[in-house]
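>>> what shape does this take:
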Amino acid sequence: MNHPSPTQVHRGARRMHLAWHVLAWLGMASLLLPLAAYFVLRALLMPLPGEWTTDVRIGPLEFRAGVPSLVRLATSHWIAPRLDGLSWPTRAGVLQFQWLDDSDALAVRCAPCTLRVRGLGDAPLRLPEVNLTVQRDFSELQGLVEAGAVRGSWQGRLTPERLRVALDIPSTPVADGYALFAANIPELAQARIEGRFSLKAEVTLPNGELQITPRMEGFAVSGLGTGELAGARSTCGPAPRGERLSTDGWLARAVIAAEDQRFWEHTGYDLREIHAAFTANQSTRQANAEQALRNASTRGGSTLPQQLAKLLVTGDERSPARKLRELLYAADMEQSLGKARILHLYMENAPWGPGICGAQAAARHYFGRSVKQLTPAQAVWLAAMLHNPGVEAQRWAGRGQIDLVRARWVAQGVRGITRRERIALAEDMRLAPLWIIPVRH
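Model (predicted):
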């Protein structure tokens, strides 16, 4: 058996020592390189004074970054192709990136995607999948956006403080838009939806300010079976014998003035009022929030058919899906029930305060008389409560009156009366606090 010579042993020891040194250096490099990359990236993305910022996490490390710098870096020609196949978790959902060589653009996929939009209720807007492409030329961005069969284009301008994006969705079947929410709207299985819509929108980030300009043509719905409501009984219980509601009396006119001034003209929805209410809801977080809230309470976006759908079918959950269901039923009822029956059903089922359901119960509770015995000013007073009956009933119980500004606004909007009747009504409303009968307990 041959034993290694001292020289061979020495060489082996040197090789082993060298190997350990190499491994040690490689180990240090594996630790130092990511750390160095972290500090380089942190330096590149360090926010400038007043710049829009966000938190960026890389493994266990986190730092504050300027969003404009982050966007420029991610869309640069030497970084964007390297994002191909990567993903990034955000509040909206996990973003998946793909580099498109043929169009020199970065594709971003969010599936599922959750968006929170002020003015559309408390619940978020959930979409199965959203795809968009991004191209940047200095501070100008543009691309395409797609969700289901709904497609459009967008343009953006990046500044240190914000990103302003303009979205344009051309004429698209309304049914394609509704299909995005099929998981939350079971009625889509039997609804037949006609018409087309288009949309222009502008959103400013990071404050989320949103302006929309929607258009709708030929929107109509059938197949939901709302015709069965024609003979439905009130959810408030049977009306007193001989006290049938009139749809052309003072209370009916006042209700239309308070809740839906274009009731006789629209086809179940009023796009102009929906847009105005959405804008008012957006402005509630601006400096003049109190006045914005007053505007929102003065002009609601829901028509009487929509409110009836909420009372009888959809409930009052504050979510985009509920509003879309409500719109379906409203358009269907316009065709199956007609205006007069919708108005009659609404007055039979509307709430007028805790435990006060329907117009006859409200007239008896607040004035001790039937609806047909109400004076014009009393009818206006009741109609003015409908925008927030719980609050107004509490205000009446505590002060003996409701919001006088709103009540007089409703009086001014009553249609189908003579000049003499309007003058008399205005005089009665001026004296309203003198004739109000305190609510009985």
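
>>> just the pLDDT for residue 276.
With respect to pLDDT, residue 276 has a value of 76.

>>> count of neighbours near residue 279?
Number of residues near residue 279 (other CB atoms under 10 Å) recorded here: 17. To be clear about C-beta, it is placed using only N, CA and C from the backbone, and glycine gets the same treatment.

>>> pretty sure it sits against residue 211.
Yes: counting by CB atoms under 8 Å, residue 279 does reach residue 211; the two are 7.3 Å apart.

>>> just the strands in this protein please.
Along the chain, counting by DSSP state E, strands occupy 53-58, 61-66, 87-89, 94-100, 105-110, 113-115, 125-127, 130-137, 140-147, 150-158, 163-173, 192-205, 209-222.

>>> now for the residue nearest to residue 224 when sequence neighbours are not counted, how many residues are close by?
Closest residue to residue 224 apart from its sequence neighbours, by CB to CB, 6 or more residues apart in numbering: residue 332 at 4.4 Å. Residue 332 is flanked by 26 other residues according to other CB under 10 Å.

>>> do residue 398 as well
Residue 398: 9 neighbours (other CB under 10 Å).

>>> confidence score at it?
Here the pLDDT value assigned to residue 398 is 84.

>>> swap in residue 293?
Residue 293 is assigned 41 on the pLDDT scale.

>>> residue 249 too?
The confidence metric pLDDT takes the value 91 at residue 249.

>>> residues contacting the residue lying closest to residue 206 once chain neighbours are set aside?
Spatial nearest neighbour of residue 206, excluding adjacent residues (CB to CB, 6+ apart): residue 52 at 5.5 Å. Taking CB atoms under 8 Å, 6 or more residues apart in numbering as the contact definition, residue 52 lies against 66, 67, 68, 160, 161, 162, 163, 205, 206.

>>> what's the neighbour count on residue 55?
Counted with other CB under 10 Å, the burial measure for residue 55 works out to 8 neighbours.

>>> quick one: it and residue 338, what's the gap?
56 Å (CB to CB, to the nearest Å).

>>> mind giving me the PyMOL select for the contacts of residue 52, buried ones only?
Listed next is the PyMOL selection for buried residues among those, using 16 or more other CB atoms under 10 Å:
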select buried, resi 66+67+68+162+163
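
>>> which of the contacts of residue 52 sits closest to residue 148?
Using CB to CB, residue 205 comes nearest to residue 148 of those, at 23.7 Å.

>>> could I get the contacts of residue 52 as CSV with distance to residue 324 and pLDDT?
Putting the contacts of residue 52 into CSV (distance: CB to CB, whole Å; pLDDT from 0 to 100) gives the following:
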residue, distance to residue 324, pLDDT
66, 38, 84
67, 32, 86
68, 35, 88
160, 37, 91
161, 34, 91
162, 30, 91
163, 28, 92
205, 25, 88
206, 27, 87
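
>>> quick check: which of the strands of the chain is buried the most?
Across those, averaging neighbours per residue (mean count of other CB atoms under 10 Å) puts strand 105-110 on top, at a mean of 19.

>>> pLDDT of that strand, averaged?
The model assigns strand 105-110 a mean pLDDT of 96.

>>> that strand - contacts with which helices or strands?
Here strand 105-110 touches strand 94-100, strand 130-137, going by 3 or more CB pairs under 8 Å, 6 or more residues apart in numbering; DSSP states H and E.

>>> mind listing the strands that strand pairs with, and their directions?
With DSSP bridges as the test, strand 105-110 is paired with strand 94-100 (antiparallel), strand 130-137 (antiparallel).

>>> dump the strands of the chain into a markdown table; add distance to residue 349 as well.
Listed next are the strands of the chain as a markdown table, based on distance: least, CB to CB, whole Å:
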| stretch | distance to residue 349 |
| --- | --- |
| strand 53-58 | 48 |
| strand 61-66 | 53 |
| strand 87-89 | 46 |
| strand 94-100 | 44 |
| strand 105-110 | 41 |
| strand 113-115 | 33 |
| strand 125-127 | 29 |
| strand 130-137 | 38 |
| strand 140-147 | 36 |
| strand 150-158 | 35 |
| strand 163-173 | 33 |
| strand 192-205 | 26 |
| strand 209-222 | 21 |
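
>>> nearest to residue 395, out of those?
Closest approach to residue 395 among the strands of the chain is made by strand 209-222 (32.1 Å; CB to CB).

>>> let me see the mean pLDDT of the closest one.
For strand 209-222, the mean per-residue pLDDT is 92.

>>> relative to strand 192-205, how tilted is that strand?
Strand 209-222 and strand 192-205 are oriented at 180 degrees to each other (axes from the mean of the first three to the mean of the last three CA atoms, to 10 degrees).

>>> residue 425: neighbouring residues, count only.
Residue 425 is flanked by 22 other residues according to other CB under 10 Å.

>>> who's in contact with it?
Taking CB under 8 Å, 6+ apart, we find residue 425 in contact with 376, 377, 380, 411, 414, 417.

>>> pull the most distant pair out of the residues you listed.
377 and 417, at 12.4 Å, using CB to CB across these.

>>> the two: who's more crowded?
Ranked by neighbour count (other CB under 10 Å), residue 377 and residue 417 place residue 377 first, with 22 against 14.

>>> so for the more buried one, what's the pLDDT?
pLDDT, residue 377: 93.

>>> go on, residue 238?
59.

>>> same question, the one 4 residues further on
With respect to pLDDT, residue 242 scores 48.

>>> what's the answer for residue 290, then?
At residue 290, the model reports a pLDDT of 43.

>>> again with residue 228
Looking at residue 228, its pLDDT stands at 89.

>>> the one 3 residues further on too?
As summarised for this prediction, residue 231 has a pLDDT of 74.

>>> gap between it and residue 222?
19 Å.

>>> what's the answer for residue 320, then?
Per CB to CB, residue 320 is found 23 Å from residue 222.

>>> what's the answer for residue 330, then?
Separation of residue 330 from residue 222 (CB to CB): 13 Å.

>>> what's the local residue count around residue 407?
Around residue 407 there are 22 residues (other CB under 10 Å).

>>> contact partners for it?
When contacts are counted by CB under 8 Å, 6+ apart, residue 407 touches 380, 381, 384, 429, 432.

>>> dump these into a markdown table; add distance to residue 82, neighbour count and pLDDT as well.
Below are the contacts of residue 407 laid out as a markdown table (distance: CB to CB, whole Å; neighbours: other CB atoms under 10 Å; pLDDT from 0 to 100):
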| residue | distance to residue 82 | neighbour count | pLDDT |
| --- | --- | --- | --- |
| 380 | 67 | 29 | 95 |
| 381 | 68 | 27 | 92 |
| 384 | 62 | 27 | 95 |
| 429 | 70 | 20 | 79 |
| 432 | 71 | 19 | 59 |
